[in-house]
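S.K.: Attaching a predicted model along with its sequence, questions to come.
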Amino acid sequence: MGGLREFTTSTAAAATTLNTVEPLRRTTLNRVFAAVYTCAISALLYHHAQALLLHNKTLLSFTISLSLLVADTVLAFMWITTQSFRMRPVHRREYPENLKKVTKRDEFPGLDVFICTADPYKEPPMGVVNTALSVMAYDYPTEKVSVYVSDDGGSILTLFALMEAAKFANHWLPFCRKNDVMERNPDAYFTSNQSWSYETENIKMMYESLKVRVGHVVETGKVSDEYITSDQEHEAFDKWTDRFTRQDHPTVIQVLLESRKDKDITGNYLPNLVYVSREKSKTSHHYFKAGALNALLRVSATMSNAPIVLTLDCDAYSNDPETPLRALCYISDPNILPNLAFVQFPQRFRGINKNDIYASENKCLYEINPLGHDGLRGPHYVGTGTFFRRRAFFGNPSTFIASEIVELSPDHAVEEPIKSQSILSLAHRVAGCNYENQTNWGSKIGFRYGSLSEDYFTGFRQHCEGWRSVFCNPERPAFYGDAPNNLLDLLHQNKRWAIGLLQVTFSKYSPVIFGIHSMGLMGLTYSHSAFWTSFSIPITVYAFLPQLALLNGVTIFPKVSEPLFFLYCFLFLGAYGQDFLEFVLEGGTFGKWWNDQRIWMIKGLSSYIFGLTEYLLMSLGISAFGFNVTSKVVGDELSKRYDQEIFEFGAPSPMFVPMTMAAILNFFSFSWGFSHIIRGVGDLQGLLLQMLLSGFVMVNCWPIYEAIVLRSDKGKLPAKVTIIATFLAWALYYIATSLIFK
Ligand SMILES: O=c1ccn([C@@H]2O[C@H](COP(=O)(O)OP(=O)(O)O[C@H]3O[C@H](CO)[C@@H](O)[C@H](O)[C@H]3O)[C@@H](O)[C@H]2O)c(=O)[nH]1
Ligand SMILES: [Mn+2]
C-alpha cells in the first residue's frame, strides 16, 4: 500500500480543503427532546407496571396490561436505540475540484471494482453490462481501474454479454470522454439524451446491435457459433460442458480486457475487465454474496491488488463519473485515513414513483440514519456503493492479519501481466471452493460469514475492530440501482434482511452485548437494526388488541378527561412528528413520508413476523437459509400500475394474510364504534383513543381495501388471501371474545 501513503502525503502538503464536516443544526433540539420524551416513556411504563401489579384482578385486565407493557417496552427500547444516531448527526461535503488541483492524476491509487451478479434471469445481463461500462468509463486514469465481475449464476449468457461490453467499451469510453457525458451507463444516456449528432447516432446503433445480440443469446439460452468471433472466445465458452451447472462447476476466469495492452479506438488504454465465476460444488458452502466478494478480493489481489476496492451490486450503475474523486477526498485526508475502512455512498434508486408507494428509497436506512452514524464511527456498510481500503479486510487499524499466502497481502505488488500463466493459475487456485478451508477468510479477514445480511455484519465487525467509515452523499446521486417494484418482492427482501439481522443478533457478536461493549453508542446504532423484527410485536398488538376490545365495548386506553390521555397523545405525536421532520428536512415530501410509515406498519405485519418465524425454524434445523435474489426485471403491465401508484399484490402469499386480517378487523371495529356514537350509546370518552387508532390503521390500510373490493386488474388481492384472512380474523375475534372478553 505504499502507493496510498505517498498519495496522501503529497496532497496533505498542499493545504487545500478536500472535505468539511459540520454538525447538524437540530442536534441540540434532538437532545432536549430526548430528555423530555424519556420522562414521558418512563411515566407510561410505570403506569403499565402499576396496572399489572396492583389492579389485575381478571384474566382480561391481566392480558391487556401485559400486552401493552410488552408492546410499549419494545417501542421504548427501539426508541432508545434511535437516540444513538440522533445525538451527533453531521453533514459532510467534499471538494473534488481541489483534489484535481493538488494531485497529479498519475499519482491516484489503483481502483478495483467488484460487481456481483447471481442469476441471468432475475438480473438481466444487459443490466450487468451497463453497470460495468458505467464504471469502466469513470473519470479516472483508466490504466488504474480494474473491473471484476463475479457471476454466481455461472452463466455463459453473462460472460457473452460482458465480451460484447468489452468490444463496445472501445467506442464508448472515448465517446464519453470526448463529449463529457455525465450518464456513462449507455442505457441511461440513450434514454435521457435528446441532442443528436452523427456521432451519437452511430454509437447508438452500435449499442442497439449489442443489445439485440445479447437479447438473442439470452432468449435462446445459448451462444450460437455466428456470435463467436475468435478462438479465444471459443475456448472460453467451451468450459460450459454438459456437466456444468450453476451449483457445480469449475472456476472460470476470463480476462476480457487487459489494461496497458488493450487500447480503445483513440489509442488510450482501456481498464482491466475480468469475468470470474468461482468454483462451485454441491458439497461445500458458498456463503452467498460474502463468499463471492471474498473470492474477488483474492482474485483481484493476484491480478491488480489495488489499495481501493469498490463493491457494487450488478444493478447499481454509476451516475456520476467523478465519484471516485469524491471518495479520494476522504481517503487521501491524513486526518481520516489511518482508521478509515470505507466511504459509503447512499443507495439511490431509479424509476421510483412520485410518492414512492413501497418506500423503496428506504430514506431512513440509506440517507437519514447514516448522518447520525457518521458523527460516531461512521455509516453502516450497505452492500453497494462502497469504496473500501483493501487493508481494512486484514485485521484492525493497528494489527495486520496476514493471509495464508503472501500474494494476497494488500501491500504485495503485482509484477507480471494479468494474462501470464503464473498469475492465471494462482487466480484459479484462490477462486477454488475449498481454498478457504482452515483459513481466516470469513471469520477474521475479508467479508464476514454467518449472516444473510453480510453487508451489515461485515461493517459491524470492522467498526468493532476500531475502523471508521465516512458517509458521502453528494447532490447528484453517485449510483442508481433497481428497487423492488412490487409488494411481494419488497416483503421477501425485507424478510431476508430480517433473518440476516437475527443471525447477528443471536450470535456471539450480538450488537447489544459485544457491540455496545466494544463501541458504546455506535453499538447501539447496530442494536437498532438488530432488533428491527421486534417492531412486529407492538405493531401486531396495536393492530389487533384495542380493536378486539372495542368490538367488545371494553376500554383499554385512558379517558379524554384523564391526564394520561395527553401522555398518550404526546408519545404518539412526538414520535411521528420527529420522524416526519427528519424526513422532510432531508429532502423528503409528505407523500413519501406517509408511505414510509405505512410500509413500516406493513413490514411489521409481514416481513418481520415471517422473518422471525423462519429464523426460528432454521435455528431448529427445520428449514435451511437461502439467499433469494431480488428480481431486477420490469414487466410492462406491472410497471404501468407502479407508475399509477397502485399496490401490486398479484400472487397469493401467506405474507399478505396478517395485514389483510388487520384491515378487516379495523374496519369492523371502527364501524362498530361509529354506529354506537351515532346511536348515542357506549362510553365515547373511554373508547375515543381506540376509535382514533382504528381510524388511523384504516387509513393506512386503504390500498388493501381497494385491492379487495375495488379492483379487477391482475395486481388485486387474490380472493384466496381475502377468504383466509376473513376467516382468521373472525376466528381471532371469536376466540378473544369467548376466552378473554367474556
Ligand atoms: O449468492 C449470491 C446472492 C446474491 N449475490 C449478489 O448480491 C447482490 C444483492 O442481491 P439483491 O438480490 O439485489 O439483494 P438486495 O436485498 O436488493 O440487496 C441489499 O441487501 C443485500 C444483503 O441482503 C446486500 O448484499 C446488497 O448490497 C444490498 O443492496 C446482487 O448483486 C446479487 O447478484 C451474489 O453475488 N451471490
Ligand atoms: Mn438489490
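M.R.: Nice, thanks for sending it over. Ligands and ions are numbered 1, 2, ... in the order given.
S.K.: Contact partners for residue 533?
M.R.: Applying Cβ atoms under 8 Å, 6 or more residues apart in numbering to residue 533 gives the contacts 498, 501-502, 608-609, 611-612, 615. Quick note: C-beta positions are derived from backbone N, CA and C, even for glycine.
S.K.: ok, 7 Å please
M.R.: Residues in contact with residue 533 (Cβ atoms under 7 Å, 6 or more residues apart in numbering) are 498, 502, 608, 611-612.
S.K.: And those, which is closest to ligand 1?
M.R.: Nearest to ligand 1 out of those is residue 498 (Cβ to the nearest ligand atom; 10.2 Å).
S.K.: Closest to the mean position in the chain, which residue would that be?
M.R.: Residue closest to the mean C-alpha point of the chain, counted by Cα atoms, centre = their mean, is residue 382 at 5.3 Å.
S.K.: Can you give me the neighbour number for residue 209?
M.R.: Applying the criterion other Cβ atoms under 10 Å, we find 12 residues in the vicinity of residue 209.
S.K.: hmm, back to that, give me phi/psi at the residue nearest to the centre of the chain?
M.R.: phi -110, psi 20 (degrees, to the nearest 10).
S.K.: buried residues in stretch 171-188?
M.R.: Residues of stretch 171-188 classed as buried: 171-177, 181, 183-188 (neighbour count, 16 or more other Cβ atoms under 10 Å).
S.K.: Kindly tell me how buried residue 211 is, as a neighbour count.
M.R.: Residues near residue 211, counting by other Cβ under 10 Å: 18.
S.K.: oh sorry, the question was meant for residue 540
M.R.: For residue 540, using other Cβ under 10 Å, the count is 18.
S.K.: and it, how far is that from ligand 1?
M.R.: 24 Å (Cβ to the nearest ligand atom, to the nearest Å).
S.K.: hang on, residue 207 packs against residue 190?
M.R.: Yes - applying Cβ atoms under 7 Å as the test, residue 207 and residue 190 come out as touching, 6.5 Å apart.
S.K.: about what we covered before: please tell me how far the residue nearest to the centre of the chain sits from residue 469.
M.R.: Distance of residue 382 to residue 469, computed by Cβ to Cβ, to the nearest Å: 11 Å.
S.K.: And for residue 728?
M.R.: Shown here: residue 728 relative to residue 469, a distance of 45 Å by Cβ to Cβ.
S.K.: now residue 182
M.R.: For residue 182, the distance to residue 469 (Cβ to Cβ) stands at 27 Å.
S.K.: what's the answer for residue 514, then?
M.R.: Distance from residue 514 to residue 469, by Cβ to Cβ: 18 Å.
S.K.: Settle it for me: which of the two has more neighbours?
M.R.: residue 469 (28 against 18).
S.K.: that older thread, how confident is the prediction for the residue nearest to the centre of the chain, by pLDDT?
M.R.: pLDDT, residue 382: 98.
S.K.: I'd say it and residue 454 touch.
M.R.: No - here residue 382 does not reach residue 454: they are 11.1 Å apart, not a contact under Cβ under 7 Å.
S.K.: Please, where are all the strands along the stretch 601-742 of the chain?
M.R.: Using DSSP state E, counting those that start in this stretch, the stretch 601-742 of the chain contains no strands.
S.K.: shaky segments in it?
M.R.: Under the criterion pLDDT under 70, no range of the stretch 601-742 of the chain is flagged.
S.K.: For it, what lies in contact range of ligand 1?
M.R.: Proximity of the stretch 601-742 of the chain to ligand 1 (Cβ under 6 Å from any ligand atom) is limited to residues 627, 629-630.
S.K.: Return the distance of residue 155 relative to residue 165.
M.R.: 14 Å.
S.K.: can you check residue 729 too?
M.R.: 52 Å.
S.K.: Mind checking which of these two has more residues around it?
M.R.: residue 165 (28 against 24).
S.K.: The more buried one and residue 134 touch, don't they?
M.R.: No - using Cβ under 7 Å, residue 165 makes no contact with residue 134, being 10.6 Å away.
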